[in-house]
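Q: how does the following fold in three dimensions:
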Amino acid sequence: MTLVPLAHRVVGRQRETADTVTLDLEPVGKSLRPFMPGQYAMVYAFGVGEIPVSVSRSAENGRLTHTIRAVGAVSRALCGLQTGASVGVRGPFGTSWDVTAARGHDVLVVAGGIGLAPLRPLIQAVLDEGHAYGRLNVLAGARTPDDLLYQDEFPAWRKPFCAVTVDRPTGDWTGRVGVVTALLDEAQFTPAVTTAFACGPEVMIRATARELIHRGVRPDRVRISLERNMRCATGHCGHCQLGPLLLCRDGPVVGYDLAEPLLTVREL
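A: Predicted coordinates for the structure are as follows:
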């Protein structure tokens, strides 16, 4: 990993929702080591600060893609950048989705809101080597239709199986309405040979994991991303602590068999 930020230039900018932007970054000079799906970078807005952001696409030429929601000073500054602007990036940090461990299995991807961003490289990796996996299912939920990310990619994901739901329908929405776990009834997977990957609000993660385990998916085959309170990327500041875990270092991706007893402790 690289602990000192390396200069990158914004070479692409796509507004995803009212408060979410996708930035394509190109290294200026030296490139970072390749990122694995699920890992994150520390992205620095000059003069403001840095935040951890999962990679939503990683290319061999060193380009990185980050989807960022404006919720604080740094993320707002990053979302406001235009093509040609400079940022600092260091990494890669954290654990990956470990896509290779799912080879030969049905793959179930469950995302809530911006949680789809860290899962996007995983989806692409499975699509790129479809022969090595069983059936791919992508289940995505959001608060409203306007909050859905990457809608132009849904048609390609539907070729295996992709279902989308929203909490509150708006405009001319005629699709599904309800929680994302309700989509499990439509998904095409065999629990005994399934590896599931989930990212989103913790309440959604817990509900999804419990339902999958109830249906017969092994807890250690349910991989979740817990990007909560990560700040320094090394675990030294302690903001990312979850019981014995320092999620900057031991996560953000962990097995539900490890996370379950920690997530059920109030205010841990």
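Q: residue 128 and residue 201, how far apart?
A: Distance, residue 128 to residue 201, using C-beta to C-beta, to the nearest Å: 29 Å. Quick note: C-beta positions are derived from backbone N, CA and C, even for glycine.
Q: and for residue 34?
A: Residue 34 is 29 Å from residue 201, by C-beta to C-beta.
Q: and the pLDDT for the closest residue in space to residue 17 that isn't next to it in sequence?
A: Distance criterion C-beta to C-beta, 6 or more residues apart in numbering; nearest residue to residue 17, sequence neighbours excluded, is residue 147 at 5.4 Å. Predicted confidence (pLDDT) for residue 147: 97.
Q: got it, and residue 268?
A: Model confidence at residue 268 (pLDDT) stands at 69.
Q: and what of residue 222?
A: Predicted confidence (pLDDT) for residue 222: 98.
Q: repeat that for the one 10 residues further on.
A: If you check residue 232, the pLDDT there is 89.
Q: contacting residues for it?
A: 239, 248 (C-beta atoms under 8 Å, 6 or more residues apart in numbering).
Q: please report how far it lies from residue 226.
A: Taking C-beta to C-beta, one finds residue 232 at 16 Å from residue 226.
Q: likewise residue 71?
A: For residue 71 relative to residue 226 (C-beta to C-beta), the value is 17 Å.
Q: go on, residue 57?
A: 21 Å.
Q: ok, those two, which is more surrounded?
A: More crowded of residue 57 and residue 226, by other C-beta atoms under 10 Å: residue 226, with 21 against 17.
Q: what number of residues lie near residue 171?
A: 8.
Q: packing partners for the helix or strand that residue 78 is a member of?
A: Secondary structure from DSSP states H and E places residue 78 in helix 73-79. Packing partners of helix 73-79 (3 or more C-beta pairs under 8 Å, 6 or more residues apart in numbering; DSSP states H and E): strand 20-27, strand 40-45, strand 49-54, strand 64-69.
Q: wait, which of those is closest to residue 241?
A: When the helices and strands packed on helix 73-79 are compared by C-beta to C-beta, strand 49-54 sits nearest residue 241, at 14.7 Å.
Q: what's the first helix or strand after that closest one?
A: strand 57-58.
Q: who touches that following strand?
A: With C-beta under 8 Å, 6+ apart, strand 57-58 has contacts from 34-37, 64-65, 120-121, 124.
Q: tell me the pLDDT of the spatially most central residue of the chain.
A: Among the residues of the chain, the one closest to the centroid is residue 118, at 1.9 Å (C-alpha atoms, centre = their mean). Predicted confidence (pLDDT) for residue 118: 97.
Q: quick one on the thing from earlier: helix or strand right after the helix holding residue 78?
A: strand 86-93.
Q: and that following strand, what does it pack against?
A: strand 2-17, strand 20-27, strand 40-45.
Q: returning to what we had before: residue 128 and residue 201: who's more crowded?
A: Set residue 128 next to residue 201 and count neighbours by other C-beta under 10 Å: residue 201 wins out with 13 against 9.
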